[in-house]
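Chemist: Return atomic coordinates for the entry below.
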Amino acid sequence: MNILILWAVFSGPALAQTPAVREFDAPSYVRAVLEASPELRQAEAGLEAAAAQAKEKFAALVLPTFGFTAESTPYGHAPSNSNLLTHWRLTRDETTSTTRLNLNLFNSFQDFRSARSARLNRDSSGAALSTAQGDRAFEAVRVFFDLGLKNRLLEVAAENLKAQEEQYRMTEDLYKNGMKSLSDLLKSETDWRSGELRLAAAQAAGKTALIRFNALIDRAPLEAAVLKVDLAGGATDLPRLEEDAVRARTARPELRKALLDLEIAEVSVRTARQALLPTFSVDAVWSRSDGGPRGSISEPNPNYRLGLALSMPVGYNVASQAYSFAAARAVRRRQAGAVDQLARQVQVEVHEAFVQLEQVLKQYSISTAKEAIADRNLGLVTEQYRTGSADVLLMGQARLDVLNARVERAQALHEAFINRARYRLAVGDSIW
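Modeler: All right, here's what the predicted structure looks like:
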């Protein structure tokens, strides 16, 4: 709708130090913040590590293991040569090599549960990354529109100062012609100086907002920026609360992560339960030995077999395994409670965000009407002031009403966009 230009330093010499001014709209700024965020780089590294671990566990589940060894005794009593003394020689007949392939077909689902837990942990890390992205994106939206608001308030303060100066000049002319008193002139000058104070405060607020704006994208604190703020298109439309509240139960990444963590806890319970019982395993083994003296190999070569094994867990003493199982069940109950708590929290956040958005949209509608009324009243009072039928106090109040109405309207419109982003984040929609 308009281009809001925020000057980093409101003076000519400072601006001369900036050779070029970069332009941002809301989507491009959010992307820049996400790219520059160290928190997201950490979360992405965590997801990458979890994905690699999931692949590792899956490979251990479906792929055979390979082993190769080669042995020789260049000096001493060689076991492969009937323990005869060998004097510093290395021959093929005295070198043995073994190649072995082992494929575990079944081990009481231990590898399967390990792979499943790693996959769930990968998905949980992905949901954590989405949560972090949403938080940083909302922070970027808030900072972007806050900067746009501060720039708009700076424009309003500049317009008000110009109007106050014009009013002072008009009062000064009326005073010289005997139509206004010295008190009226001094009051007009006081209002003019108050306008200068408002402009100075608006400039300071703009610089502070710019510092926060640049900090999120690693720019110089007071480097100038041009903001392209589109405040049209659906700014005052209310979303559909009931549909969004239902969708939030599956769309919120925090809730997805909690559900995945609950599945991880369930896998841990099953693993702890299995530790109370013997482990049954089935392995397919293929091996081949080469080299060594002739006739030293007394077993089939290559050797292949299907082996069955039933074994108790390492360090089995019943009590340790039982307490481990009880602890895993307690962790699962705790995580189930966390899921229920988060589900309730999500519903509360969605409804609270809707109420806040609804309120600010009403404020925008009312402030828009208020601004129109204040502008009309200022026009009437200005004509009365010119003819002497209105005093300076009435004139000052009418101008102050216009100023307040414009500020309130600007704040409400920008808050509408921020609260809409907050609502979308509460629902689970992407805002980046």
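
Chemist: Could you list the low-pLDDT ranges of the stretch 101-250 of the chain?
Modeler: 231-236 (pLDDT under 70).

Chemist: now the helices for the stretch 151-300 of the chain?
Modeler: Applying DSSP state H, counting those that start in this stretch to the stretch 151-300 of the chain gives helices spanning 182-215, 241-251, 253-274.

Chemist: Using JSON lines, lay out the ones you listed together with distance to Gln356 and mean neighbour count.
Modeler: No exception for glycine: its C-beta is placed from N, CA and C like everyone else's. Output for the helices of the stretch 151-300 of the chain, formatted as JSON lines (distance: least, CB to CB, whole Å; neighbours: other CB atoms under 10 Å):
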{"stretch": "helix 182-215", "distance to Gln356": "21", "mean neighbour count": "17"}
{"stretch": "helix 241-251", "distance to Gln356": "12", "mean neighbour count": "14"}
{"stretch": "helix 253-274", "distance to Gln356": "19", "mean neighbour count": "19"}
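
Chemist: Quick one: the strands in the stretch 251-400 of the chain, in order.
Modeler: For the stretch 251-400 of the chain, the strands defined by DSSP state E, counting those that start in this stretch occupy 279-291, 303-311.

Chemist: Deepest-packed of these, please.
Modeler: Of all those, strand 279-291 carries the top mean neighbour count, a mean of 15, counting by mean count of other CB atoms under 10 Å.

Chemist: tilt between that one and strand 303-311?
Modeler: 150 degrees (axes from the mean of the first three to the mean of the last three CA atoms, to 10 degrees).

Chemist: What pLDDT does the model give His77?
Modeler: The model reports His77 with a pLDDT of 68.

Chemist: again with the one 10 residues further on
Modeler: In this prediction, His87 carries a pLDDT score of 64.

Chemist: let's have the chain start at 891 instead
Modeler: OK, 891 is where the count begins now, so the last one is His977.

Chemist: For the host helix or strand of Arg1314, buried residues please.
Modeler: If you go by DSSP states H and E, Arg1314 is part of helix 1282-1317. Buried residues in helix 1282-1317, defined by neighbour count with 16 or more other CB atoms under 10 Å: 1282, 1285-1286, 1288-1289, 1291-1293, 1295-1317.

Chemist: Now do the same for that helix: mean pLDDT, whole number.
Modeler: 93.

Chemist: Counting by contacts, list what that helix packs against.
Modeler: With contacts defined as 3 or more CB pairs under 8 Å, 6 or more residues apart in numbering; DSSP states H and E, helix 1282-1317 has these neighbours: helix 1000-1066, helix 1072-1105, helix 1131-1141, helix 1209-1277.

Chemist: Out of those helices, flag the one nearest Tyr919.
Modeler: With CB to CB, the closest approach to Tyr919 among these belongs to helix 1000-1066: 4.9 Å.

Chemist: Run the angle between that closest one and helix 1143-1164 for me.
Modeler: For helix 1000-1066 against helix 1143-1164, the angle by the same axes, to 10 degrees is 160 degrees.

Chemist: before we move on, what SS does the residue lying closest to Leu1167 once chain neighbours are set aside have?
Modeler: Spatial nearest neighbour of Leu1167, excluding adjacent residues (CB to CB, 6 or more residues apart in numbering): Ser998 at 7.7 Å. What DSSP: H, G, I helix; E, B strand; the rest coil gives for Ser998 is coil.

Chemist: Ser998: how many residues sit nearby?
Modeler: Residues lying near Ser998 (other CB atoms under 10 Å) number 16.

Chemist: my read: it touches Arg1163, true?
Modeler: No. If you go by CB atoms under 8 Å, Ser998 and Arg1163 don't touch, sitting 10.7 Å apart.

Chemist: list the residues that contact both of those two?
Modeler: Here Ser998 and Arg1163 have no joint contacts, going by CB atoms under 8 Å, 6 or more residues apart in numbering.

Chemist: so who does the nearest residue to Phe1002 once chain neighbours are set aside touch?
Modeler: Spatial nearest neighbour of Phe1002, chain neighbours left out: Leu951 (6.3 Å); criterion: CB to CB, 6+ apart. By CB under 8 Å, 6+ apart, Leu951 lies in contact with Asp1001, Phe1002, Ser1004, Ala1005.

Chemist: Of these, keep whichever come out buried.
Modeler: Using 16+ other CB under 10 Å as the burial test, the contacts of Leu951 include Asp1001, Ser1004, Ala1005 as buried.

Chemist: The last one and Asn997: what is the separation?
Modeler: Using CB to CB, to the nearest Å, Ala1005 is found at 12 Å from Asn997.

Chemist: picking that back up, please produce JSON lines containing the contacts of Leu951, extended by distance to Ala1226.
Modeler: Formatted as JSON lines, the contacts of Leu951 follow (distance: CB to CB, whole Å):
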{"residue": "Asp1001", "distance to Ala1226": "26"}
{"residue": "Phe1002", "distance to Ala1226": "23"}
{"residue": "Ser1004", "distance to Ala1226": "22"}
{"residue": "Ala1005", "distance to Ala1226": "23"}
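
Chemist: of all those residues, which comes closest to Arg931?
Modeler: Ala1005 (27.5 Å).

Chemist: any chance of the helices of the stretch 1041-1190 of the chain in JSON lines, with distance to Arg1012 too?
Modeler: Below are these laid out as JSON lines (distance: least, CB to CB, whole Å):
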{"stretch": "helix 1072-1105", "distance to Arg1012": "32"}
{"stretch": "helix 1131-1141", "distance to Arg1012": "19"}
{"stretch": "helix 1143-1164", "distance to Arg1012": "9"}
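
Chemist: which one of these lies closest to Phe958?
Modeler: Closest approach to Phe958 among the helices of the stretch 1041-1190 of the chain (CB to CB): helix 1143-1164, 32.1 Å.

Chemist: What is the closest one packed up against?
Modeler: For helix 1143-1164, the elements it packs on are helix 1000-1066, helix 1131-1141, helix 1209-1277, judged by 3+ CB pairs under 8 Å, 6+ apart.

Chemist: hmm, who's touching that helix?
Modeler: Outside helix 1143-1164, the residues within contact range by CB under 8 Å, 6+ apart are 998-1000, 1003, 1006-1007, 1010-1011, 1013-1014, 1017-1018, 1020-1021, 1024, 1138-1140, 1211, 1214-1215, 1217-1219, 1221-1222, 1225-1226, 1228-1229, 1232-1233, 1236, 1318.

Chemist: Also stretch 917-934?
Modeler: 914, 1015, 1018-1019, 1022-1023, 1026-1027, 1029-1031, 1034, 1103, 1106-1108, 1321-1322.

Chemist: picking up where we left off before, please identify the most buried of the helices and strands packed on helix 1282-1317.
Modeler: helix 1000-1066 (a mean of 20).

Chemist: what's the offset of stretch 1002-1012 from the middle of its chain?
Modeler: Taking CA atoms, centre = their mean, to the nearest Å, one finds stretch 1002-1012 lying 25 Å from the centre of the chain it belongs to.

Chemist: Thank you kindly, that will do.
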